[in-house]
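> need a structure here:
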Amino acid sequence: MGTGINRDFASLLDDLFVASEPGDIAPAPTIPFDYLAVADELHSGRIRVAGETVAAEYREAGAALEDEFVSLLDMVKAKAVAVEEPEAPSIDPEVIAAELGLADAKPADLAKMRRIFALANHPDRVAPHLRQRAMVRMQLANMMIDDAKRRTAKKRS
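You can find the predicted model right below:
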């Protein structure tokens, strides 16, 4: 190899090829497998698999998987905790008034009551099947809070 500092890559490769001897490179591994012979054997027709045999193997494998699936499903069902559906909230105005606590409410607390009630009962925050009922509850609560505000405003004047 040369000692030149400013050499191009091609000349460096040339020097490496010249310096290496044929015995330095390991031979590529060979696989003793004749693909053409296997292809000829498959196309010759000497290897046959009956359709019934394949179908039987498929059914057996499916039955084993079905048994495994059923056992896993049973295990999941056993571990599943029964989730009770919450009772639909009442739309009775007296019940809503009691929930709000309007009987002993102060005028300063009415806005806070509205926010707290909306946080728990707003239609966007409940399950889809309870949205219509939640909308009615919110309308009733807003109406009652507005009435309470009007009454307190009249008492002051």
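
> residue ranges with poor pLDDT in this protein?
Applying pLDDT under 70 to the chain flags residues 1-5, 17-31, 49, 80-86.

> From the chain's centroid, how far away is the lengthiest helix in the chain?
In terms of residue count, the longest helix belonging to the chain (DSSP state H) is helix 51-79. Helix 51-79 sits 26 Å away from the centroid of its parent chain (Cα atoms, centre = their mean, to the nearest Å).

> Need the residues that contact the helix or strand that that helix is followed by.
Note on helix 51-79: by DSSP states H and E, the next helix or strand toward the C-terminus is helix 93-100. Contacting residues not belonging to helix 93-100 are listed as S90, A103, M113, F117, R137, L140, A141, M144, I145 [Cβ atoms under 8 Å, 6 or more residues apart in numbering]. C-beta here means a position set from N, CA and C on the backbone, and glycine is covered the same way.

> Apply 10 Å and report the result again.
Here helix 93-100 makes contact (Cβ atoms under 10 Å, 6 or more residues apart in numbering) with 89-90, 92, 102-103, 105, 109-110, 113-114, 116-117, 120-121, 136-141, 143-145, 148.
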